[in-house]
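Novice: dropping the sequence and predicted coords here.
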Amino acid sequence: MISRLRLQPADVGMGMTSQRVRDRLIERLRGNGIVDERVLNAIRTVPRHQFVDEALATRAYEDTALPIGHGQTISQPWVVAKMTEALLESAPKKVLEIGTGSGYQGAVLAALGLEVFTVERIGELLRIARKRFRALGLHVRSKHDDGRIGWPEEGPFDGIIVTAAAPALVEALSAQLAPGGTLVAPVGGASGQNLLRLRKDAEGNIEQADLGPVVFVPLLSGMTDR
């Protein structure tokens, strides 16, 4: 069930942002192993072209990462789908996202009806993302802070998704995962990164699975307004 978005004519798109082009992306994602129809419908519905610079809008439905400024990127749709699919396996309701970026991943989660909390260290990116959430009528709680700290006062969370890579799993984040919850994060450095899925059982034990190689920007500490 996809939450009803407040779509404007520009969100519907035309030409290289039209529904036909979006549907071709969905078929590519299916062909590359994404099977959860809820995830596919969310990606079909959320207007990715509104989360990139206007000059890049015609490339929004290519299955590729795109720059959003400040040395950051909007993730490849397949990666967004893969991470979201892995997160949904434990049926979360309350989710923490580390690295708001353009706001696209958070919008996909919110469109799925999840209660989304998102943290971004770059103030300018967060301000733009908040405008996008409001324009689409999505209720996403956001904070300008160091993502490595998480959002402990709002935890624990049923799901945590990290959209930047650290050399190792950040203990402060896994500590905010509720029993029965799932954390999905890229881990690694310049020599290579892998997408990991962690599940915490009722006793607090962690089961880890490697979902394959990925490429993300690094997870940095601290904050900046620009």
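Specialist: Structure received.
Novice: contacts, neighbours, all on C-alpha from now
Specialist: Noted.
Novice: name the residues that touch the lengthiest strand in the chain?
Specialist: For the chain, the longest strand by residue count, based on DSSP state E, is strand 177-189. Residues outside strand 177-189 that contact it (CA atoms under 8 Å, 6 or more residues apart in numbering): 83, 86-87, 90, 92, 155-169, 174, 193-204, 214-216, 218.
Novice: how does it look with 7 Å?
Specialist: 83, 87, 90, 92, 156-169, 193-202, 204 (CA atoms under 7 Å, 6 or more residues apart in numbering).
Novice: what does stretch 101-119 give?
Specialist: For stretch 101-119, the surrounding residues in contact (CA under 7 Å, 6+ apart) are 1-3, 42-43, 46, 48, 51, 68, 74, 80, 93-100, 120, 125-126, 129, 133, 138, 140-145, 147.
Novice: can you give me the strands in the protein?
Specialist: Counting by DSSP E, one finds strands in the chain at the ranges 66-69, 72-74, 94-98, 115-120, 140-144, 157-162, 177-189, 192-200, 206-214.
Novice: and the longest one, which residues are buried?
Specialist: Looking back up the chat, that one is strand 177-189. Applying a neighbour-count criterion of 16 or more other CA atoms under 10 Å, the buried positions in strand 177-189 are 177-189.
Novice: got the CA positions of that strand in CSV?
Specialist: What follows is strand 177-189, C-alpha atoms only, in CSV (Å, rounded to 0.1, in the frame of the first residue of the first chain):
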residue,chain,number,x,y,z
LEU,A,177,18.1,-0.9,16.7
ALA,A,178,15.1,-2.5,18.4
PRO,A,179,15.0,-6.3,19.1
GLY,A,180,13.6,-7.9,15.9
GLY,A,181,14.7,-5.0,13.8
THR,A,182,16.9,-4.8,10.7
LEU,A,183,19.8,-2.4,9.9
VAL,A,184,21.1,-2.1,6.3
ALA,A,185,24.3,-0.3,5.7
PRO,A,186,27.3,-0.2,3.3
VAL,A,187,30.6,-1.0,5.0
GLY,A,188,34.1,-0.6,3.7
GLY,A,189,36.5,1.9,2.3
